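Colleague: coordinates only, sequence not included:
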C-alpha cells in the first residue's frame, strides 16, 4: 500500500471516529441542541446510537434544509454544553428577505488558525498589516480574516462591501449604480494603500482586478492575496496569477462559507492549466461531489457533480447540505488525504445565468 | 486541414485562452475551429496600453496605410492567410467553404461578400475621400493644414475603435476598415459563429505590412463586450433592438441594429409597378435577406395586394439548394433555433387580422425547411392593410417583406426609421419631403436597389466624423 493510500485510510478512520463523536454530542440530552433532539424524536430513530461511521450519516440522514437556519430561532441550534455563553450570529444570503443565520463560538478561530499554517511567510509576512476589501457586516468572514491576521501577528484594515446591495443592483440591471458602488469601495481601498503599509490582501477576484487597474499592487507593497467569494475558472485564475499578481504576488484562492469554514487549495499553475482543487477542513467538514439526481452516490473522479457539505463540529452539526455549487471530484492529495472539489462554479452555471456580481 | 485554433489577439500577439469554444458546421455539427474565449479583464488590461497600438499606426502616413490596405485586400481575396495558432494557412477556397459551413451562407454569397470587402480595401482612397469630403491625407497626418483656402485641424476622438460584431453577414466588416487608414486601432469582439472574416482580414493586414499592434481580437463574454463598448472611446455595436437599445443615448457608440429598409413607390410611378418587381425582389432577397440594407417593407399608395402577389410569385418558389450552387439564394441558420423562432413568430402574427401571406400558395411546402441537416426559411411576402399590423414593419434574418398600402402623403409619417429608403418617384415635391426627413439614413432617389452601396457615401454614420473632430486652430505667423 502506498503512503497516500495509507493516509487515505487513516483519514477515513479519523473521520468515522469524529463523526460518531459529533453525532453523539448533538443527539445526547446532556450536550445536544434542542433542534436535533426534537428532530430525532420526530424521526423516530436515535442517531446517537445508530451512527457508527461517516457513511451512516450519508445513508441515514436526509439533506439538511438551510431554510431551517432562516425560520428557526437561533437558540434552538445552541448545544446544551454552550448554555450561558453568548454566541456570534453569522449570516449568509439575505439579498431579499430574511437571511440564514448560523451561530458559533470558536469554530472560525479553529479553522483559520489551522489555515494559517498553510500560508507562506514570504507572501503573508508575520507582524505586519492586512487589508480586507469585501463583505464584512454580519459575516463570519470578517472576524475570521481578522483572526487569521492576528494569529500571524498582523492587524487588519477593513473596507466593507455589501454584496446584497450589489446583487440587487445587478438583478435590476442597474449596472451604472453597481459600477459606482464598486468604484466607491475601490476608492477607499486605494486610499488605504496610498497611506498605510499593507502586505496582504483578502478580497474577491473582481475587486482585486479593480484595485490592480488603479494601482500597481507590487509597487504598493502587496506580497500576498487571499482570494475567494466568486467563481474562478481556469482562465480567470491564470489571468489573476499571471497578469494581476504578475507571478510575484502569492495568490491563495479559497473556497468557503459560513456553514463550512474554509477549504484550502492544492498547488496549481501552468502544469495543470490552473485548475484549482479545494480540500475541506476534514474531519470538521466534509465535501462530497454527488450525482445531482442520486445524491447518495458520488460521481466518478474527474467528473462533474453537485457539491454536498457535511459540517461536524461541537458547535454545529449539518448533515448533507446541498450547496448551490457544482464541481469536479478530485482524488485525495498527500496533504489532505480525502476527496477534493475542483473548478467550483454555481450549480447549473452552464444552463442558466447566475448573478454573482463582485462578491 | 486539421481543426485550427483561432487565438485571441492582444495588440496583435496571439494568446491562447484556457477557455475555448467550438465553431461548428451548421449542418452536421462537425468542429471547424476552436476559438479562445478570454475574460473581460484581458480586454481591460490591454486597453490600458492601447496607446502603443495607436503609436504603431501613427508611424505610417495615411497614404502608406491606404496602400497597405490595398495589398491586404488582394491578400484577403486571393492569398494564403494564417488562420491557426499553429501556423495553419487558409486559402480563399478554404475560407469560402469554412465560412459557408459555419454561417449557412452559400458559397456564392460568401464570394460576393468577399468581393465587397476587397473593393472597399482596394478603393480606400475613394472611401476616405467620401468620408472626409476631400481632405488631403497629408492634413490627416499632420493634424493641421490648409484646404479649400482655410486652416483645418483634426484630432482623434479616441485611442481605439471598439467593435462588437455580428455573425450574420461578412461584409459588415467593411465598416471598420477605414479605421486602420485613419490610424485608429481596433478592439473587436467577433461574432460567435463568424471569427473567420475578421481574423482573415486582420492577418491580411499584418501580412501586407500593417503593424500587428493595431489589432485586438477578443472573443469574450457579455462583460467583455460591454467593456469594449464603454472603454474604447468610440465603438460600433451590431445587434437586435433589445441589444442595442441600452446604448441608444450614448454618442460614443454607433448602433447598427435592424435596418427596416424600405422601398417606396410614389403616386406618379405606381401604374408602372410591374417594371420594378425585379429590383424590389432583389432588394428583399439578395444576400439571403440577411442584411440590414435588405428591404423589409414595400410601401405603395395602391395595388398593394397585386404587388405582393407578383413578389410572391417571383420569390415564393425559391428553395434551399446545395451550398456550392452558384444560383443558391437562401442561407441556412447557424443556430437552427433561430430559424424555428422566426418561423413561429411570423405564424403567430399572421393570425392577427389585416394581413395575408402571399407566398404560401407559391411554395410547395412549409416556410421552414430542414434539408441536408440545415435549417432554412423560404421567402415570405406578407400583404398588410396598414402599418398598424405587427408584420408591417418587421425585419427577420431571411428574405421577408411586407407590402403596405399607405397614401403617399402619409408614407413618411407612418413608415418609421429606415436605414435605406429607395423612393421610386419623380415627384419633386415628394423628393423634397424625402430629403428633409430625419427618419432616413440613406436615400436612393429612383429605382436603385436598397442593397447598392456607394463607397464614397457615408454608410450608417460617417467613420471619419466618428473618429475625428475638427477643432479651431490659430497659428502665429513665423
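Modeller: All right, it came through fine. Bear in mind that the values here come from a model prediction, so they are computed numbers and not experimental data.

Colleague: Dihedrals phi and psi, the closest residue to residue A:282 other than its chain neighbours?
Modeller: Excluding its sequence neighbours, the residue lying closest to residue A:282 (C-beta to C-beta, 6 or more residues apart in numbering or on different chains) is residue A:338, at 5.1 Å. Placement of C-beta: from N, CA and C, glycine included. Backbone torsions of residue A:338, given as degrees, to the nearest 10, read phi -150, psi 170.

Colleague: what do you get for residue A:321?
Modeller: phi -80, psi 130.

Colleague: Would you check how far apart the nearest residue to it once chain neighbours are set aside and chain B are?
Modeller: With C-beta to C-beta, 6+ apart as the criterion, residue A:321 has its nearest non-adjacent residue at 4.2 Å, and that residue is residue A:64. For residue A:64, the distance to chain B (C-beta to the nearest C-beta, to the nearest Å) stands at 34 Å.

Colleague: Could you see whether chain A lies near the helix or strand bottoming out on mean pLDDT in chain B?
Modeller: Least confident helix or strand, chain B: helix B:241-244 with a mean of 80, by mean pLDDT, DSSP states H and E. No. For helix B:241-244, no contact with chain A is found by C-beta under 8 Å from any C-beta of the partner chain; the gap never falls below 12.0 Å.

Colleague: Was I right to think residue B:371 contacts residue B:321?
Modeller: No. Taking contacts as C-beta atoms under 8 Å, residue B:371 lies outside contact range of residue B:321: 9.1 Å.

Colleague: So which residues on chain B come close to chain A?
Modeller: Checking chain B against chain A by C-beta under 8 Å from any C-beta, the hits are B:17-19, B:37-39, B:41-42, B:44-45, B:48, B:226.

Colleague: Show me those that map onto helices.
Modeller: B:41-42, B:44-45, B:226 (DSSP state H).

Colleague: Contact partners for the residue of the stretch 101-250 of chain B found nearest chain A?
Modeller: Residue nearest to chain A within the stretch 101-250 of chain B (C-beta to the nearest C-beta): residue B:226, separated by 7.8 Å. Counting by C-beta atoms under 8 Å, 6 or more residues apart in numbering or on different chains, residue B:226 makes contact with A:175, B:40.

Colleague: do residue B:41 as well
Modeller: So residue B:41 contacts A:209, A:236, A:239-240, A:243-244 (C-beta under 8 Å, 6+ apart).

Colleague: Helix or strand: which one has the closest residue to residue A:96 other than its chain neighbours?
Modeller: Closest residue to residue A:96 apart from its sequence neighbours, by C-beta to C-beta, 6+ apart: residue A:168 at 7.5 Å. In the assignment (DSSP states H and E), residue A:168 maps to helix A:163-171.

Colleague: what's that helix packed up against?
Modeller: Contacts defined by 3 or more C-beta pairs under 8 Å, 6 or more residues apart in numbering or on different chains; DSSP states H and E place helix A:163-171 against helix A:175-195.

Colleague: Just the buried ones out of the contacts of residue B:41, please.
Modeller: A:209, A:236, A:239-240, A:244 (16 or more other C-beta atoms under 10 Å in any protein chain shown).

Colleague: doesn't residue B:331 make contact with residue B:378?
Modeller: No. Taking contacts as C-beta under 8 Å, residue B:378 lies outside contact range of residue B:331: 11.5 Å.

Colleague: Between those two, which is the more surrounded one?
Modeller: Per other C-beta atoms under 10 Å in any protein chain shown, whichever of residue B:378 and residue B:331 has more neighbours is residue B:331, with 29 against 25.

Colleague: So which residues of the stretch 151-300 of chain A form strands?
Modeller: Remark: strands assigned in the stretch 151-300 of chain A by DSSP state E, counting those that start in this stretch are A:155-160, A:200-203, A:224-227, A:250-253, A:255-257, A:261-265, A:277-279, A:285-291, A:294-298.

Colleague: Got phi/psi on the residue nearest to residue B:62 when sequence neighbours are not counted?
Modeller: The shortest distance from residue B:62 to any non-neighbouring residue, by C-beta to C-beta, 6+ apart, is to residue B:137 (3.8 Å). Dihedral pair for residue B:137: phi -60, psi -30, per degrees, to the nearest 10.

Colleague: does the residue nearest to residue A:321 count as helix, strand or coil?
Modeller: coil (DSSP: H, G, I helix; E, B strand; the rest coil).

Colleague: List the residues that contact it.
Modeller: A:318-321.

Colleague: Just send these back as CSV, with secondary structure and pLDDT too.
Modeller: Output for these, formatted as CSV (DSSP: H, G, I helix; E, B strand; the rest coil; pLDDT from 0 to 100):
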residue, secondary structure, pLDDT
A:318, strand, 97
A:319, strand, 98
A:320, strand, 97
A:321, strand, 96
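
Colleague: wait, which of those residues is closest to chain B?
Modeller: Taking C-beta to the nearest C-beta as the measure, residue A:321 is the one of the contacts of residue A:64 closest to chain B, at 29.8 Å.

Colleague: any chance you could map the strands in the stretch 101-250 of chain B?
Modeller: B:144-147, B:150-156, B:160-164, B:186-189, B:215-217, B:233-238.

Colleague: Enumerate every residue touching residue A:234.
Modeller: Contact partners of residue A:234, counting by C-beta under 8 Å, 6+ apart, are A:273-276, A:343, B:18-19.

Colleague: Equivalent analysis for residue B:220, please.
Modeller: Applying C-beta under 8 Å, 6+ apart to residue B:220 gives the contacts B:37-40, B:42-43, B:189, B:228.

Colleague: what about 10 Å?
Modeller: Counting by C-beta atoms under 10 Å, 6 or more residues apart in numbering or on different chains, residue B:220 makes contact with B:8, B:17, B:19, B:36-43, B:164, B:188-190, B:226-228.

Colleague: how close does the residue nearest to residue B:421 when sequence neighbours are not counted sit to residue B:17?
Modeller: Distance criterion C-beta to C-beta, 6+ apart; nearest residue to residue B:421, sequence neighbours excluded, is residue B:440 at 4.7 Å. For residue B:440, the distance to residue B:17 (C-beta to C-beta, to the nearest Å) stands at 43 Å.

Colleague: Residue A:240 reaches residue A:209, doesn't it?
Modeller: Yes. Assessed by C-beta atoms under 10 Å, residue A:240 is found in contact with residue A:209 at 7.4 Å.

Colleague: Overlap of the contact sets of the two?
Modeller: Joint contacts of residue A:240 and residue A:209 (C-beta under 10 Å, 6+ apart) are B:39, B:41.

Colleague: Can you check the pLDDT for residue 143?
Modeller: Since you didn't name a chain, this refers to chain A. Listed pLDDT for residue A:143 reads 94.

Colleague: ah, no, chain B please
Modeller: pLDDT for residue B:143: 92.

Colleague: That one: neighbour count?
Modeller: 14.

Colleague: where are the low-confidence patches of the stretch 201-350 of chain A?
Modeller: Along the stretch 201-350 of chain A, segments meeting pLDDT under 70 span A:349-350.

Colleague: can you list the residues of it near chain B?
Modeller: With the criterion set to C-beta under 10 Å from any C-beta of the partner chain, the stretch 201-350 of chain A comes near chain B through A:205-206, A:208-210, A:212-213, A:232-240, A:243-244, A:270, A:273-275.

Colleague: If you rank the contacts of residue A:64 by neighbours, which is first?
Modeller: residue A:319 (24 neighbours).

Colleague: List the contacts of the residue nearest to that residue when sequence neighbours are not counted.
Modeller: Setting aside the residues directly before and after it, residue A:319 is nearest to residue A:61 in space (C-beta to C-beta, 6+ apart), at 4.0 Å. Residue A:61 makes contact with A:23, A:39, A:43, A:47, A:51, A:310, A:317-320, according to C-beta under 10 Å, 6+ apart.

Colleague: Quick check on the residues you listed: which are buried?
Modeller: For those, a neighbour count by 16+ other C-beta under 10 Å gives the buried set as A:23, A:39, A:47, A:51, A:310, A:317-320.
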